[in-house]
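[1] 3D model of this:
(chains A and B, ligands or ions: 2)
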Amino acid sequence: MALLEIKGLRGGIRDQDIINGIDLTINRGEVHAIMGPNGSGKSTLGKILAGHEEYAETGGTVRFNGKDLFELTPEERANEGMFLAFQYPVEIPGVSNAYFLRAALNERLKYRGEPEISAGAFRRLLNKKMEQVDMDPELARRPVNEDFSGGEKKRNEIFHMAVLEPTLSILDETDSGLDIDAMRIVAHGINQQRTADNAMIVITHYQRLLDYVVPDYVHVMYQGRIVKSGMKDLALELEEKGYEWIREEVEAAG
Amino acid sequence: MEAIETLAQQEYKEGWVTDIEMETAPPGLNEDIIRFISAKKNEPGFLLEWRLKAYRHWLKMKEPNWQYMAYPPVDYQDIVYYAAPKNTPQYNSLDEVDPELLETYDKLGIPLEEQKVLAGVAVDAVFDSVSVHTTFKDKLAELGIIFCSFSEAAQDHPDLVEKYLGTVVPYRDNYFASLNSAVFSDGSFCYIPPGVRCPMELSTYFRINTAGTGQFERTLIIADEGSYVSYLEGCTAPMRDENQLHAAVVELVALKDAQIKYSTVQNWYPGNEEGKGGVYNFVTKRGVCKGDNAKISWTQVETGSAITWKYPSVILQGDHSIGEFYSVALTRNKQVADTGTKMIHVGKDTRSTVVSKGISAGNGQNVYRGRIQVMKRADGAKNYTQSDTMLIADRCGAHTNPYIDVGNNSASVEHEASTARISEDQLFYCKTRGISTEDAISMIINGFCKEVFQELPMEFAVEAKKLLGISLEGSVG
Ligand SMILES: Nc1ncnc2c1ncn2[C@@H]1O[C@H](COP(=O)(O)OP(=O)(O)OP(=O)(O)O)[C@@H](O)[C@H]1O
Ligand SMILES: [Mg+2]
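    Ligands and ions are numbered 1, 2, ... in the order given. Okay, here's the model as predicted:
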């Protein structure tokens, strides 16, 4: 059974579809890169999957873990193992990053009917994961994303992912805004999470991330559709030629 | 923010009425009623005289009529000014206490038995107007600490009462303080002798009970030179239909090198969604740092009442004395909280800190009203004020009214204010981490209030967080 199965998905904001019919099947163990010009609907796809209230599906079906995704609340989706790393992570003043993550982790455990994690065990887990993504322990103590630099926010998303160990991660431009070293570290962190049991959707504009996080498939999104899919070479081709030829192909097709 | 619209719908969880036989005065207010109250309580003559002076003064006063305080007129002749459990027995053990009363405490989650053993908290339980149970009194007595009901103090320590009563809040102070001075029923009295550090948190649970009985509590706390005391006040009230007036007065006196920490969690019935039936909470709380190096801290968490009118203040009379005010006020439905503080710098190098956190949900109105007054001879006085507001709906309001009145050039007065909203994006972010909207809101609010909560004694902080959680529960759809 596929981990995520999207069929004919349409949806967007109130009176306007942004996603215009997407089919995509993702199996455990796979990494799918989604590329495409600005405004093509990549983030919107992530938000619809994660259940942002402002966005709604207007057609098609999505099954996640064998369940009808749209029957689940956003937090149930998360506790089922879906994770969205934000293109623009949100600040939560006054709530420490560590406290926040412990609350999140406990929700997940509760959802699965498991006991809450002890303070000691959580501390050990946190230390291990901070090491994995080379995270400054100070950032775990500070309020979630508040006054973090752009790069620190992105790194924090990967830290959240490392702690929560999702089965499907949607990483929305986690590489943008990172310096060269940070990019390598974040990529390393992502690769560490990569197992035969989970899958990732990596949204990016740059081939460079894909040098480190090598995808199994690359999809190009344009005007709310996946207009081209291929293997990792497609990313190289896009890097070289840009999107103009894709546009031409789409227009020629009609 | 539609999800949050329902924020104010939570039913009041502490609603019930206990039926204990009352011996009540007939409704109404006149000099005879005051004489009746005083006689009932076997009060010394000076106290009756003081009550009568207050009453005569009150008759000449006008009820305040402020902008955010519109409330239906109170018929002062329709209030019962005295109600007490019959015979007011003094018990030796819990077995002798009316089981119904004990049940009441169970519902409140404060079984006296357990508290005796646990926590080290002495509880002077004010049930309606008269204290019926005091614990730990003996232990405190060994240290020379007096902690008893106001009525007992009036009989057993009239000299202390006469010396300090009305020295911080004079009977002429304001409309409600004058009314309280005339008719106050009971309250707590506390005296810490020189150099003694009170080894436990002193705590009183107030509860409004008999229908139609206005509550006029009077609390007087005196910390003698070099002493320390931490005092906790917590309240809940039964649900009922008619509005209830509550006009308490709290006076704190800190002598040289003494410290008083006064913490309140207030959760009186706020009324239904329309604001009907809630408590009017018009309280006068004031402390004086009488001697040098004295310190008074007020910490309050206000979630209840239909209308709250409350400005715990400090008169910084002694040189180098310190005043602090930490406040969280939550309003929802049609609640109005008009609260803040006055810091009056009289002595040299006096310092004050004010941290006020207002949270408005539903149609709630939250007003911060603060006054920093620096007198002419208060060289080097310093104040820092921070008033932050969090809005959790579109119809609610927040207003900040700082008044600064500096009569000394060497003083420094600083004010920071901010307004925040819980955004849809924040909630979505939390949800993608598996945290529900309700939990997210309570987490964000607790974060917002952190600076205040950390001033509360541990158990109280836990209670306060729970209270905010309960108050906001069901607020989100
Ligand atoms: N809430 C919204 N209100 C109005 N328009 C929106 C909203 N959300 C998305 N859009 C529009 O939908 C289109 C797709 O936006 P989306 O953020 O999904 O693009 P993207 O592919 O992630 O772009 P980028 O590469 O720049 O991040 C854009 O034209 C955007 O302006
Ligand atoms: Mg995007």
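[2] Check chain B for the residue nearest ligand 2 and tell me.
    Nearest residue of chain B to ligand 2, counting by C-beta to the ion: B:Asp425, 14.2 Å away. Glycine gets a C-beta too; all of them are placed from N, C-alpha and C.
[3] Provide the secondary structure category for that residue.
    Following DSSP: H, G, I helix; E, B strand; the rest coil, we place B:Asp425 in the helix state.
[4] now swap in B:Pro26 and tell me
    Applying three-state DSSP: B:Pro26 is coil.
[5] Could I get the contacting residues of the residue lying closest to A:Glu146 once chain neighbours are set aside?
    Excluding the flanking residues, the one nearest A:Glu146 by C-beta to C-beta, 6 or more residues apart in numbering or on different chains is A:Glu91, at 4.6 Å. By C-beta atoms under 8 Å, 6 or more residues apart in numbering or on different chains, the contact set of A:Glu91 is A:143-148, B:426.
[6] Also A:Lys153?
    Contacts of A:Lys153 (C-beta under 8 Å, 6+ apart): A:89, A:145, A:177.
[7] cutoff 10 Å now
    A:86, A:88-91, A:139, A:144-147, A:174, A:177 (C-beta atoms under 10 Å, 6 or more residues apart in numbering or on different chains).
[8] Which ones among those residues map onto strands?
    A:Val144 (DSSP state E).
[9] Hmm, B:Val452 and B:Tyr326 touching each other?
    Yes. In terms of C-beta atoms under 10 Å, B:Tyr326 counts as a neighbour of B:Val452; the distance is 4.4 Å.
[10] any common contacting residues for these two?
    With C-beta under 10 Å, 6+ apart, B:Tyr326 and B:Val452 have common neighbours B:299-301, B:355-357.
[11] Closest one to A:Glu157 out of these, please.
    B:Lys357 (29.4 Å; C-beta to C-beta).
[12] So which of the contacts of A:Glu91 wins on neighbours?
    A:Val144 (30 neighbours; other C-beta atoms under 10 Å in any protein chain shown).
[13] For that one, give me its contacts.
    Contact partners of A:Val144, counting by C-beta under 10 Å, 6+ apart, are A:89-101, A:153, A:156, A:160, B:426, B:429-430, B:433, B:443-444, B:447.
[14] Can you give me the distance of it to A:Thr167?
    Applying C-beta to C-beta, to the nearest Å, the value for A:Val144 to A:Thr167 is 23 Å.
[15] B:Arg377 - how many residues pack around it?
    Count around B:Arg377 with other C-beta under 10 Å applied: 13.
[16] Can you tell me the SS state at it?
    coil.
[17] Report pLDDT for it.
    We have a pLDDT of 92 for B:Arg377.
[18] And for B:His133?
    Note for B:His133: predicted pLDDT of 41.
[19] can you check B:Lys13 too?
    49.
[20] Can you pull the residues of chain B lying near chain A?
    Within chain B, the residues that sit near chain A (C-beta under 10 Å from any C-beta of the partner chain) are B:1-3, B:390, B:418, B:420, B:422-437, B:439-440, B:443-451.
[21] Phi, psi for whichever residue of chain B sits closest to chain A please.
    Closest contact between chain B and chain A, by C-beta to the nearest C-beta, is at B:Gly447 (2.5 Å). Main-chain dihedrals, B:Gly447, degrees, to the nearest 10: phi -60, psi -40.
[22] check contacts around A:Gln192.
    A:129, A:132-133, A:158, A:162.
[23] Check A:Ile26 too.
    Neighbours of A:Ile26 in contact, by C-beta under 10 Å, 6+ apart: A:2-6, A:32, A:64, A:168, A:199-201, A:216-217.
[24] Mind checking which of these are buried?
    A:2-6, A:32, A:64, A:168, A:199-201, A:217 (16 or more other C-beta atoms under 10 Å in any protein chain shown).
[25] which residues are contacting the helix or strand hosting B:Tyr55?
    Per DSSP states H and E: B:Tyr55 is located in helix B:45-59. Here helix B:45-59 makes contact (C-beta under 10 Å, 6+ apart) with B:29-31, B:33-35, B:37-39, B:41, B:43-44, B:76, B:150-151, B:154-155, B:158, B:161-162, B:165-166, B:170-184.
[26] Good, we can wrap up now.
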